[in-house]
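**Q** Return a 3D structure for these sequence lines:
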Amino acid sequence: MGAGKRHHHGEQHGSPRIRDTAAHEFHIFSLGARRSAFACRNGAADGICIIRHCIGNSGVAVLPDLCRAGTNAVIRRNSGSIWLTGGIAADPRRKGGADMVSLAAEHLTVTYPECEKPVLRDVTFEIPNGSFAVLCGATGCGKSTLLHMCKRELMPLCSRSGAVYFEGKPIDGAEAPCFAGEIGFVMQHPEQQIVTDRVFHELAFGLENAGTPPEIMRRRIAEIASYFGMESWLERDPATLSGGQKQLLNLASVMILQPKLLLLDEPTAQLDPIAAADFLTTLHRLNRDFSVTVLIAEHRLGEVIPLSDRMLLMENGTITQQGEPKALLTHIPRDQDLPEDMPAAVQLHRGFGMEGMCPLSVREARTEIMPQLPNRIRRLPEPEPRQRTEHAIECSHIYFRYTRSGRDILRDLSFTVETGMLYCMIGGNGAGKSTVLSALAGINRCYAGTLKIFGKRIQDYKGRSLHQECVTLLPQDVQTVFLHNTGAEELAEIDRSYAETLADFPFALAPLLTQHPYDLSGGQQQILALAKVMLTKPRLLLLDEPTKGLDGASKRILAGVLHGLQEKGITILMVTHDIEFAAEYADCCGFLSQGELVSADSPMRFFAANTFYTTAASRISRGYYENTVTVGQVLRLAAENGWGKPGGGEQRC
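**A** Model (predicted):
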C-alpha cells in the first residue's frame, strides 16, 4: 500500500498477509493525502503508534478506537515498529448496531449558481454514531455550506454531485425519508431561529408542527426546561433574554424533538467567553448523556477541541484531514500550517518543539508543558505607555434606559478614549456594550451625564453632521448594512471608485463582489461590511463584534487593517467577546458590567489581573509566569529564561 494513496470503497490491497500470535484487527479510513490511519477495534493497541517502515519513507498513524468502519487489516509488532497488510476501505453507507455511521458524505461537490468554482470539492467523510465532531477551517472554506447540505430542508440552491447519508440513507432525492426531527440544526445568529414571543411557545412550536399529542408536549417541555435550567424564564419574551439564553433556547427547541444528529454552525460566535463555555458544556453533556451525534463548525477551537473525539480539517472546499484530535494534531508535520485559532496548548506544544502527545486543554498544558519550562525570570517588561493625545471620546457619568419605567442599561458610566487608540471593551452578554456604541453613534440619547466626541457634546452635532464628520458604526448584525443584490453594489453605494480607495485592503474582495451579501458566509459578510464602513473614511470607528465568523488568519489581517487606520489617526472603539484578539492587539481594554466600567488597563495588566475573563495562555502560565497573556509572550519569556539552550530547562524556582 503506497504512502499517500487514498482508500476507495471496494479497493482490495493485495500484499501478502503477515500473521503472528500478537496480531490485532484494525479498521481503515482516510486521514488525508499524505498518510492513512488505522483504528483498533478491540483496544489492544496502546496509545498512538507510528508505522515507521511500511512502504517508502512515510509513516502511517495508528489511532485506537477512532473509526468503526471497514474490513479488517492484520498488523504485527516487530522491533518497536508496526507492520500492516490487508484490508479494504470503509463504506459510508454501512449501518447497523454500535458500528453505525451517523453521518457520511461521499464525493460531494457543490457549486452555487453563476459561480465557476465549486464551494465544496469531492468531500468525503464519515462520523460514527455518538461522536462529538468539530469542523475546522478558514473563513469561507465551505463549512456552513457543508452543514446545510447535511439537512435537506436547508440545502441551498446549487448544482451538486455525490451524496450525503444519514444512518446509511441518502438525505435527499425522491426516495429519501423525512429526517426533519432526527437532524437538528442550530444557527450562528440566535435571533434568526426564534419565531415566537414566549419561551414556552418556542419550545412547543416544533412539537405542535410535528403533531405531538398535548399530554406528551407538556411532559417534554417540563423535562427540557428542567434539564436546561429554564424554568424561571419560561414565560419571558425571548427578546429580553441574553445572547447565551437565546442560544440555549434554540438548542432546547431543537433537542425537544429528540434528534439523533445535531448540526451547529458557529453557535458561540456572539456569546461572551463564560456563556460560550456554558453552552459548549451543555452540548457535551447532551452528547455524553444521550449519545446524540454532534457536528459543530466553530472558530473557538480552544474550548471545542478538548471536548471532541473527532476533528475534520477543511481547506478550500475539501476535507484535508480527519481523525481523533490529539492523535491528528500530534502527527501533523511541524512544517505543515495549522489553523491559527488552534487551542493555546497546541500552539505552545508546537512552538516549543516538544515531543510526545499534543495537549489540548489548559489542564493538560499546565501539567505537561509548563513544568518543563525554566522560570527564573518570571515577568516580561511592561510595554511602554502610549504617548498621551487629546480625547476622541469623553464619557462622564452617563445614564441610559430604553423605556421610562425600565431599568438603567448604562449607569454612571465614565471613560475616555484617546485619539488614535484601539480600545477594546469586553463583558458579558447584556452588560450594555452595544448600547454604549449606539449612544456614541447618536442612535440612543442618554438622559443624564455628558458625552463628547472630539471635544464637542454629542447633542451639538446637528442633523447628520455626527456621521458625516466623524463617526461610523458597524453593528453586530452586519446584514443590516446590506441593501443591494451584490457586494459590488454595496461598495459602490458609498464610493463609486471603491476599487481605488480599497486598493490596499488586504482581504480578497473579488470573490465577494458578484455574490448576494446574504449568500456569503458569516465571516465573508463581516469582511464586506468592514470594507463598506471604511469607505466612509471616519475619524471614529465603532465596531461591534468585528471578529465573529473570522478564522485566526483573518483576525490577524483585520488587526493589520485596524493598525493601519490608527497610523492615519483614526480612533477605534471595539466591543468584543474575543479576548485573545484584545490581548494581542488592543492598546487598552475595559470591562463593562451592569452598565458600569469596572476596570480598564493595558492588555498585559488587564488580563493578568483577571481570573475568568482572561486568555488561555494566561490560565496555562499562571503560577509559572506572572504577566504572560498571549502564546507569543509565553514563548518569548521561556526563551529569555534559556529554553532551547543547553541547561536552559533546569532554571526553575
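**Q** And the next helix or strand past the host helix or strand of His397?
**A** Mapping His397 onto the secondary structure by DSSP states H and E places it in strand 391-400. The C-terminal neighbour of strand 391-400 among helices and strands, as given by DSSP H and E, is strand 410-418.
**Q** Check which helices and strands that next one sits against.
**A** Packing contacts for strand 410-418, counted by 3 or more Cβ pairs under 8 Å, 6 or more residues apart in numbering; DSSP states H and E, involve strand 391-400, helix 433-440, strand 448-453, strand 571-575, strand 588-593, strand 596-601. From N, CA and C alone the C-beta is placed, and that goes for glycine too.
**Q** Would you mind giving these as JSON lines with distance to Ala252 and mean pLDDT added?
**A** Below are these laid out as JSON lines (distance: least, Cβ to Cβ, whole Å; pLDDT from 0 to 100):
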{"stretch": "strand 391-400", "distance to Ala252": "32", "mean pLDDT": "96"}
{"stretch": "helix 433-440", "distance to Ala252": "25", "mean pLDDT": "94"}
{"stretch": "strand 448-453", "distance to Ala252": "39", "mean pLDDT": "95"}
{"stretch": "strand 571-575", "distance to Ala252": "27", "mean pLDDT": "97"}
{"stretch": "strand 588-593", "distance to Ala252": "27", "mean pLDDT": "96"}
{"stretch": "strand 596-601", "distance to Ala252": "32", "mean pLDDT": "95"}
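**Q** winner for burial among the ones you listed?
**A** For the helices and strands packed on strand 410-418, the largest average neighbour count (mean count of other Cβ atoms under 10 Å) is found in strand 571-575, namely a mean of 24.
**Q** what's that one packed up against?
**A** Here strand 571-575 touches strand 391-400, strand 410-418, strand 422-426, helix 433-440, strand 540-544, helix 552-567, going by 3+ Cβ pairs under 8 Å, 6+ apart.
**Q** follow-up on the earlier one: run through the neighbouring helices and strands of the strand holding His397.
**A** With contacts taken as 3+ Cβ pairs under 8 Å, 6+ apart, strand 391-400 sits against strand 410-418, helix 433-440, strand 448-453, strand 571-575.
**Q** got the helices and strands packed on strand 410-418 as JSON lines, with distance to Leu473 columns?
**A** Compiled in JSON lines, the helices and strands packed on strand 410-418 are given as follows (distance: least, Cβ to Cβ, whole Å):
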{"stretch": "strand 391-400", "distance to Leu473": "13"}
{"stretch": "helix 433-440", "distance to Leu473": "6"}
{"stretch": "strand 448-453", "distance to Leu473": "12"}
{"stretch": "strand 571-575", "distance to Leu473": "10"}
{"stretch": "strand 588-593", "distance to Leu473": "17"}
{"stretch": "strand 596-601", "distance to Leu473": "19"}
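**Q** Specify the stretch among the ones you listed that is closest to His349.
**A** strand 588-593 (27.2 Å; Cβ to Cβ).
**Q** What angle do helix 433-440 and that closest one make with each other?
**A** Using axes from the mean of the first three to the mean of the last three Cα atoms, to 10 degrees, the interaxial angle of strand 588-593 with respect to helix 433-440 works out to 110 degrees.
**Q** Can you list the strands that strand 588-593 pairs with?
**A** Counting by DSSP bridges, the strands paired with strand 588-593 are strand 422-426 (parallel), strand 596-601 (antiparallel).
**Q** now the helices and strands packed on strand 391-400 in TSV, with distance to Leu286?
**A** As requested, the helices and strands packed on strand 391-400 are exported to TSV (distance: least, Cβ to Cβ, whole Å):
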stretch	distance to Leu286
strand 410-418	37
helix 433-440	29
strand 448-453	45
strand 571-575	30
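**Q** So which bits of stretch 530-538 are buried?
**A** Taking 16 or more other Cβ atoms under 10 Å as the basis for neighbour counts, the residues of stretch 530-538 that come out buried are 530-535, 538.
**Q** closest to Pro374 out of the helices and strands packed on strand 410-418?
**A** strand 596-601 (28.0 Å).
**Q** residues in contact with the very next helix or strand once past the closest one?
**A** Counting by DSSP H and E, the element after strand 596-601 in chain order, helix or strand, is helix 603-609. With Cβ atoms under 8 Å, 6 or more residues apart in numbering as the contact definition, helix 603-609 has outside contacts at 380, 382-383, 424, 579, 582-584, 586-589, 591, 599-601, 613-615, 618, 626-629, 633.
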